[in-house]
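# what shape does this take:
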Amino acid sequence: MSPLLLILVALAIAITQALAGGRQIALCLPGYALLAVAAVLSWWPRRRTPIPRGATECLVAAVLFFAYVTIRAAFSPEQYLARTDLYTAYAGMAVYLLVALNLTSSRWRMALVGVIFALAATNCAIGAVQFFKGLDFMPFPFLPRPGSGSRASGFYGYPNHLSGFLEMALMLGMSVVFWSRWPTWAKMLLGYTCLVFALCIVATGSRGGYISTAVGLLIFALLSLALVGKLASGRVVLIFLASVILIGGAGWGLRKAMSKSFFLESRAEQTLTVDVSRMRLWQAAWKQFRLSPVVGTGSGTYLYYGRQFRSPALQTDPVHAHNDYFELLAEYGILGIIAAVIFLETHLRRGWNSITRRLRGGASFEGIGSNSLALSVGALSATAACLTHCLLDFNLHMPANLLTAALILGLLATPSEGSEAVSEEEGPGWSPYLRFALPALGILIVVRVAPTAPAEYYAERTRMILPDWHRLVSPEQDIQLEALARRGLEWDPRNPELYAALAEAQMAQGDLATEAPVQGKLYAQAVESYRKALEYAPGNVGYVLGLASVLDLAERFAEAEPILARALELDPNSGVTHTVIANHLVVQGKLDEAAAQYQLGAQLGAWHGGQAGLQYIKQQKEKQKDVPAPPGSPGKPQ
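You can find the predicted model right below:
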């Protein structure tokens, strides 16, 4: 059964990563389905596997952290926003338990790590095309890449997330090269591959990636020196000097490579400078945390509070805090941070203890190399790199990276399993009844996720037609969008994204209608669709502004007033909000008030909309000057 579980876990991670890292729920579902199957099959009759006594603490900490996240998500005030965290927690826990309890042999674990190397190499090949050609190239045309210029982003589409994955693969690869029992030719090949990983990290232009990679390599070097110093104290100076020369040479080579690109050189120079925009995002998260310090404001709610507390100088949409710890604190509170700290501390201590046991064992330097040791050193180094990157980005909010991190933490939970196990760590086999826990999780994934899967598929289809909610102009697109939204709502009538897509289609059809009664009917339908979207996502300022816009089109100005006031409460420092308010004033003929709002919107980042609005007002005022005044008008010549 282990080979089948290995294949399912590997495919789940590979498919999730290939589908843009799983950046939307629909793109995660194929991988999550495979993990559910693997979890159910994990109970298939087989010999009883002993669980090391030391692993119990890790498993308990993991269950507690998982339980808190899922319970908090279940009681989040925004159920649709919480869905992403909830589903990802299910999948991450499934990977963790499958690795920690089922794929315990060093043989299977090395095969799984080999899959990580293969995925990293594939990402590097894609990243090379993106970097050297300067194209927004993606392997699958239906997954557009956000504009990242020539920065390498691989499957992910976002360079920082590719860097977050490659740094973990690099740490595992370095450890296998130095500490495993692989053949010499395989180590040499992997060593060159690790150099490619490092070069691709450079090509991502991710400053957080540079810092976290340096931290990971430092931890790897310290662990390796500790092993060498204990087991080959007479050679430690020679090995230290050789390591310094090797690392220095690699660093010099990377520096020379970066000097060939002005962009990469400038990114490297800015690595240790203070990123003011990130500091502003963190400040918003801190203000959000103060609203509910103990349990947080709920899963995914930074999307709302990041906008509400945004600085006027920050106009990029604050979807995430760009710091996983601040976001965890804001959404899950102090209890969430405590659970996370306990979870991480037990696993890091477990990994370190597995290494120190070998040091106490009295093995010689020549005989210390082993696959289980390589996995322990690599997992600790990769965890250090990952945790550092989490300080600077939303690294673990990308499902593909979270699944990889769950795999690595599973290696730390049971680091001495298999043929190379340390006998003193083995305890009696765990109760057969406890083996139902993992299949139960698989069934939970199916029961909880499957009913919403078709609706998420149709929601993803609508996003492909209508990126970022831009207005449509094609009647064919309008009809297609409406059809997709209605099909999705048949499966999940509580999905706000589908209602918003339906409203956009109806509003666009109303714009194209030539008969006033038909136009009025379509606008009225769009109003109701937006109201339904806000019923299930009341804090989404995009839906609020959409509702206000369609009310203006229907000339229901009095109804739009409180809606726009609500938009100002939700996102007071957004240029888009003030531009929509200006549009509302223009259609009522209040040009002077509208000009002030357009000016403010331009100052807050909506420069193009604000300038276009000001130009329109200027034209309207010029037309008014050209119109002869009626006889007797005050201030006008007779």
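# wait, residue 601 touches residue 585, no?
No - counting by C-beta atoms under 8 Å, residue 601 sits too far from residue 585 to count as a contact (11.6 Å). From N, CA and C alone the C-beta is placed, and that goes for glycine too.
# more neighbours: these two, which one.
residue 601 (27 against 22; other C-beta atoms under 10 Å).
# quick check: the more buried one is in a helix.
Yes - counting by DSSP: H, G, I helix; E, B strand; the rest coil, residue 601 is part of a helix.
# do you know how far it is from residue 607?
8 Å (C-beta to C-beta, to the nearest Å).
# find residues that contact each of these two.
Listed as contacting both residue 601 and residue 607 by C-beta atoms under 8 Å, 6 or more residues apart in numbering are residue 575.
# give me the nearest residue to residue 500, chain neighbours excluded.
Among residues not flanking residue 500 along the chain, residue 533 sits closest, at 4.4 Å (C-beta to C-beta, 6 or more residues apart in numbering).
# let me fix that, I meant to ask about residue 83.
residue 25 (6.5 Å).
# which residues touch that neighbour?
Per C-beta under 8 Å, 6+ apart, neighbours of residue 25: 83-84, 87, 456, 459-460.
# recalculate using a threshold of 10 Å.
32, 80, 83-84, 87-88, 399, 449, 452-453, 455-457, 459-460, 497 (C-beta atoms under 10 Å, 6 or more residues apart in numbering).
# what does residue 130 give?
Contacts of residue 130 (C-beta under 10 Å, 6+ apart): 136-138, 145, 148-154, 157, 159, 162, 203-204.
# contacting residues for residue 87?
22, 25, 28-29, 32, 73, 399, 445, 448-449, 452, 456.
# which of the residues you listed lies closest to residue 436?
Ranked by distance to residue 436 (C-beta to C-beta), those are led by residue 445 at 14.7 Å.
# so how far is the helix or strand hosting that closest one off the chain centroid?
Element membership for residue 445, per DSSP states H and E: helix 437-449. On the basis of C-alpha atoms, centre = their mean, to the nearest Å, helix 437-449 sits 23 Å off its chain's mean C-alpha point.
# strands of the stretch 201-350 of the chain, start to end?
With strands called from DSSP state E, counting those that start in this stretch, the stretch 201-350 of the chain shows none.
# so what's the residue nearest to the spatial centre of the chain up against?
Nearest to the geometric centre of the chain sits residue 398, at 2.5 Å (C-alpha atoms, centre = their mean). Residues in contact with residue 398 (C-beta under 10 Å, 6+ apart) are 16-17, 20-23, 88, 156, 158, 160-162, 164-165, 320, 404.
# ok, 7 Å please
Residue 398 is in contact with 21-23, 156, 161, counting by C-beta atoms under 7 Å, 6 or more residues apart in numbering.
# can you pull out the low-pLDDT segments for the chain?
Across the chain, the ranges flagged by pLDDT under 70 are 1, 44-54, 134, 230-275, 359-369, 416-435, 467-473, 626-638.
# remind me, longest helix of it?
helix 324-360 (DSSP state H).
# I'd like the next helix or strand past it.
helix 371-390.
# who does that next one touch, helix- and strand-wise?
Using 3 or more C-beta pairs under 7 Å, 6 or more residues apart in numbering; DSSP states H and E, the elements in contact with helix 371-390 are helix 106-133, helix 159-179, helix 207-231, helix 324-360, helix 399-413.
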